[in-house]
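[1] just need the structure, nothing else, for what follows:
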Amino acid sequence: MLSGIYVPLITPFAASGEVAFDALEKLAASALDQGAAGLVALGTTGEPSSLTPAERREVVRICRDVTASYGTQLIIGDLELADGATAALVTVPAFVRPGERGVIAHFEQLAERTPVPLVIYHIPYRTGQALTAATLRRLGEHPMIAGVKYATGAVDQDAIALLSDLPPGFSVLTGDDVYLSPMLALGASGGILASAHLHTGSFVSMAASWDRALGHRLAAMSALLFAEPNPTVIKGVLHAHGLIPTPDVRLPLVPATAESVARALDWGA
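    Model (predicted):
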C-alpha cells in the first residue's frame, strides 16, 4: 500500500542554467527528514520534458540513492527509468482521448509488461480524458496497478464513489494539494503534493491524523503556491529561503512574479 505524503521534487537550476544536483540531493533528504513517505522523481513538478536524457538519469540516481539510504519509497515518472523503484507514475494518454475502454486496454497492457507497479496519474484537465470510478476500480483490480494519483480539480462524485469501495491494495493519493483535507476525510491514503516541499512535517501530520484546522491552513498555503504555473511560485519561495540557488525554470515556463512569491512568503507570518 502507498500511504502518507510523497514530495514530487522540483529540479533546481544553477545560475549557469545547469541542474543543481547538490541542491536536489539536499531537498530530497530534507523532505525525508521531515517524515515524507517517499519522493517522486521526474513528476510534472520536476519539469521533466525540459531535461536532457542525461539529466533525467542523474535525477533518478540521486533520488534512488537518497530514498535507499532512508529506507523510504521512490515513485518515478518515467517507466523506462523505473527499474527497482516502488512504482512508476504514468499519465492517462493525453490529447488522443481514447475513451475509457481504450484507457483500460492501455493500462492493462502496460501492467502486463511493467517491471514495477503502476500509479495511474488521473488529471483530466490536462489529458482531456475523464475516468469514472468504475473504470479506476477495474484497473485497480490488476495486481500490478498500485494506485491512482487523483487530480481532477475537485472532490467529485467519482472520488466519493471510488473511495467508498476500493479494490484491495489499491491506494488513492490526492494530487490536488488544496483538496488534501477533504480527500483524507473520505478515505484517501495520502497525497503526492508539490506544496509539501514547504512545511513538509505539517503535511505529514495532516496525513497521519486528520486535523480540520490544519487542513484549512495548508489549503490556503497551497492556493498561494499554485497562483501561477507549478512549480514557479514554489521555486521562488525555496530560493527566498536559500534552499535552491535560483528560482529559475526552463521554457515554456517563466519565473513567478515577485508579487506571487511575496504573498506565498507572507503565509503564516
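[2] what residue ranges in the stretch 101-250 of the chain score low on pLDDT?
    For the stretch 101-250 of the chain, no stretch has pLDDT under 70.
[3] pretty sure Gly140 contacts Phe170?
    Yes: counting by Cβ atoms under 8 Å, Gly140 does reach Phe170; the two are 3.5 Å apart. (Glycine included, C-beta is placed from N, CA and C.)
[4] shared neighbours of those two, anything?
    Gly147, Val148 (Cβ atoms under 8 Å, 6 or more residues apart in numbering).
[5] the residue nearest the centre of the chain and Ser205: what is the separation?
    Centroid-nearest residue in the chain: Ile192, 3.6 Å away (criterion: Cα atoms, centre = their mean). Distance of Ile192 to Ser205, computed by Cβ to Cβ, to the nearest Å: 17 Å.
[6] likewise Gly71?
    20 Å.
[7] those two: which is more packed in?
    Between Gly71 and Ser205, counted using other Cβ atoms under 10 Å, the more crowded position is Ser205 (17 against 7).
[8] the more buried one sits in which helix or strand?
    helix 200-208 (DSSP states H and E).
[9] can you check Ala111 too?
    Counting by DSSP H and E, Ala111 is part of helix 99-113.
[10] where's the helix holding Ser205 relative to the chain centroid, distance-wise?
    Distance of helix 200-208 from the chain centroid (Cα atoms, centre = their mean, to the nearest Å) equals 15 Å.
[11] go on, stretch 209-224?
    Remark: stretch 209-224 is offset 17 Å from the chain centroid, using Cα atoms, centre = their mean.
[12] residues touching Ile192, list them.
    Taking Cβ under 8 Å, 6+ apart as the criterion, Ile192 is in contact with Tyr6, Pro8, Val40, Gly43, Ile75, Leu89, Lys149, Leu173, Thr174, Gly175.
[13] so which strand or helix has the nearest residue to it once chain neighbours are set aside?
    Spatial nearest neighbour of Ile192, excluding adjacent residues (Cβ to Cβ, 6 or more residues apart in numbering): Tyr6 at 4.6 Å. Assigned by DSSP H and E, Tyr6 falls within strand 4-8.
[14] which strands or helices does that strand pack on?
    strand 38-41, strand 190-192, helix 200-208 (3 or more Cβ pairs under 8 Å, 6 or more residues apart in numbering; DSSP states H and E).
[15] closest one to Glu100 among these?
    strand 190-192 (22.8 Å; Cβ to Cβ).
[16] so what are the sheet partners of that closest one and their directions?
    strand 4-8 (parallel), strand 171-174 (parallel) (DSSP bridges).
[17] what about the shortest one, distance to the chain center?
    Using Cα atoms, centre = their mean, the distance from the centre of strand 171-174 to the centre of the chain it belongs to is 10 Å.
[18] now stretch 31-40
    For stretch 31-40, the distance to the chain centre is 12 Å (Cα atoms, centre = their mean).
[19] no more questions from me, cheers.
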